[in-house]
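**Student:** Predicted coordinates and the sequence they were generated for:
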Amino acid sequence: MNFRKKTNNLKSKRAIRVRAKIFGTSQKPRVSVFKSNNYIYIQAIDDDSQKTIFSVSSRQLENKLKKNEAAKIIGEKIAKMAKDKKINQAVFDRGRYKYHGIVKQIVETSRKNGLKI
């Protein structure tokens with residue numbers, strides 16, 4: 001089996017396994033993370049109505065920052081947008097990513113700013 005195919009298969013299995021245990025509602029949405037090579041995207045999703053409540057990305061930032069600096073700013077924005085929508089709690093969906101580095105930094109920053117994850 002080709003290494004790239006094997007890696008993609010493992011990542012997709014991890015994503016399915018993680019998402020099988022998580023479900024978001026309008027009062028406690030699922031906060032999903034996607035990382036590309038250049039940007040970080042985060043969405044708050046209501047799985048009952050299958051709609052995105054709000055989203056934040058590092059593309060919206062005015063100046064190009066390092067990913068860990070952008071992760072801190074995005075974590076703050078998530079908490080602020082959740083407060084504006086009167087959401088206090090959320091369920092975190094790390095998707096296919098391990099809980100370390102940028103993903104961990106986003107969650108910790110949003111927790112510091114008042115969002116219960």
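**Tutor:** Cool, got the structure.
**Student:** Tell me the bridge partners for the residue nearest to the spatial centre of the chain.
**Tutor:** Of all residues in the chain, the one closest to the mean position by Cα atoms, centre = their mean is V33, 2.7 Å from it. Applying DSSP bridges to V33 yields these beta-bridge partners: I42.
**Student:** so who does it touch?
**Tutor:** 40-42, 92-95, 97, 103, 106 (Cβ atoms under 8 Å, 6 or more residues apart in numbering). For glycine as for every other residue, the C-beta is placed from the backbone atoms N, C-alpha and C.
**Student:** Could you tell me which of the residues you listed belong to strands?
**Tutor:** Judged by DSSP state E, strands contain the following of those: 40-42, 92-93.
**Student:** quick one: which of those residues has the most company?
**Tutor:** Neighbour counts for these (other Cβ atoms under 10 Å) peak at I42, which has 25 neighbours.
**Student:** Isn't it up against E76?
**Tutor:** No - I42 is beyond contact range of E76, at 11.7 Å (criterion: Cβ atoms under 8 Å).
**Student:** burial measure for N8, as a count.
**Tutor:** N8 has 12 neighbouring residues, counting by other Cβ under 10 Å.
**Student:** and the helix or strand harbouring it, which residues are buried?
**Tutor:** According to DSSP states H and E, N8 maps onto helix 3-20. Buried residues in helix 3-20, counting neighbours by 16 or more other Cβ atoms under 10 Å, are found at 18-19.
**Student:** And for stretch 70-84?
**Tutor:** Taking 16+ other Cβ under 10 Å as the criterion, stretch 70-84 shows 70-79, 81-82 as buried.
**Student:** on that earlier part again, pLDDT value on the residue nearest to the centre of the chain, please?
**Tutor:** V33 carries a pLDDT score of 93 in this model.
**Student:** Same question for the one 5 residues further on.
**Tutor:** At N38, the predicted lDDT confidence score is 89.
**Student:** Let me see the contact set for the closest residue to I74 other than its chain neighbours.
**Tutor:** Spatially, and ignoring its direct neighbours in sequence, I74 is nearest to V56 (5.4 Å; Cβ to Cβ, 6 or more residues apart in numbering). Taking Cβ under 8 Å, 6+ apart, we find V56 in contact with 41-42, 74, 77-78, 81.
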